[in-house]
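> the following block contains a protein sequence and its predicted model.
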Amino acid sequence: MTVDYILTVFITIITVVDPLGIIPVFLPIANKFSSNSRNQLIIKSTLIAFFIGTIFLILGKILFYYLKIEFYSLNMVGGILLFVVGLQMVRSDPRQTISNDTILSEIDDVAVFPLAIPMLSGPGTIATLLMFVSKNNEISNYLLIFAAMVISFFIAALVMKYCEFFSRVFGKTGMNIIDKVMGIILCALAVQFIANSLRTYIQTLV
């Protein structure tokens, strides 16, 4: 396992989770709850996202085996999904597409949607986890992906905890700029994944 691969895993997962991008959605939700309720909301949403990610991390290989999915096929699909997510981050502010009508009064409801799904563990995150799982069967690879996922969700939880501080420091313009830069990085990584998948597929034909 090379340093480049380790960095790629961490950068990709953290970027696709996009902790700062959740602020525009979480801030109006947080204002509806007390401090204690807000902390419960953060913990529940993070744990739900962690549970979903772990399930896909564990069952990923089983899914590949029974459906006979080649790893380069998943890498291709994952790369396309990541490119779409990155493109949305660059072209617009996708985190604000959720209307106020979806902000419910119950902590459990909000923790599941929109925070855990699709903000933290959306299709992009799940596809990324499955994509890296398909690389190899080594325990070290699973541990690396798991560590990157845990750190990403932990960062997201900290951002939600101090969302008002980050909102004041960066401002709306600053957060939009950061989101777009992360989107560009994600698009570049996605193109690389797609290119690698095509290269592998072509080699199977030769």
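Done, it's in.
> would you indicate which residues of the helix or strand of the chain with the lowest mean pLDDT are buried?
Least confident helix or strand of the chain, by mean pLDDT, DSSP states H and E, is helix 107-110 with a mean of 76. Within helix 107-110, the residues that count as buried by 16 or more other C-beta atoms under 10 Å are 107, 110. Where C-beta positions appear, they are placed from N, C-alpha and C, glycine not excepted.
> name the helices or strands packed onto it?
helix 35-67 (3 or more C-beta pairs under 8 Å, 6 or more residues apart in numbering; DSSP states H and E).
> pLDDT of the following helix or strand past the helix it packs on, averaged?
Proceeding C-terminally, helix 35-67 gives way to helix 71-91 as the next helix or strand, assigned by DSSP states H and E. Regarding helix 71-91, the rounded mean pLDDT is 82.
> the inter-axis angle of helix 71-91 versus helix 35-67?
150 degrees (axes from the mean of the first three to the mean of the last three C-alpha atoms, to 10 degrees).
> chain center to helix 71-91, what's the gap?
12 Å (C-alpha atoms, centre = their mean, to the nearest Å).
> for that helix, name the packing helices and strands.
The contact analysis (3+ C-beta pairs under 8 Å, 6+ apart) places helix 71-91 against helix 3-17, helix 123-133, helix 163-205.
> quick check: buried residues in the second one?
Taking 16+ other C-beta under 10 Å as the basis for neighbour counts, the residues of helix 123-133 that come out buried are 124-133.
> redo those as a markdown table? Include pLDDT and distance to residue 146.
A markdown table is the format used below for those (pLDDT from 0 to 100; distance: C-beta to C-beta, whole Å):
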| residue | pLDDT | distance to residue 146 |
| --- | --- | --- |
| 124 | 81 | 18 |
| 125 | 90 | 13 |
| 126 | 88 | 14 |
| 127 | 85 | 17 |
| 128 | 90 | 13 |
| 129 | 92 | 9 |
| 130 | 88 | 13 |
| 131 | 87 | 15 |
| 132 | 91 | 10 |
| 133 | 88 | 10 |
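> name the nearest of those relative to residue 2.
Using C-beta to C-beta, residue 132 comes nearest to residue 2 of these, at 13.7 Å.
> and residue 168, how many neighbours does it have?
When neighbours are defined as other C-beta atoms under 10 Å, residue 168 has 9 of them.
> quick check: the gap between it and residue 182.
In this view, residue 168 and residue 182 are 20 Å apart by C-beta to C-beta, to the nearest Å.
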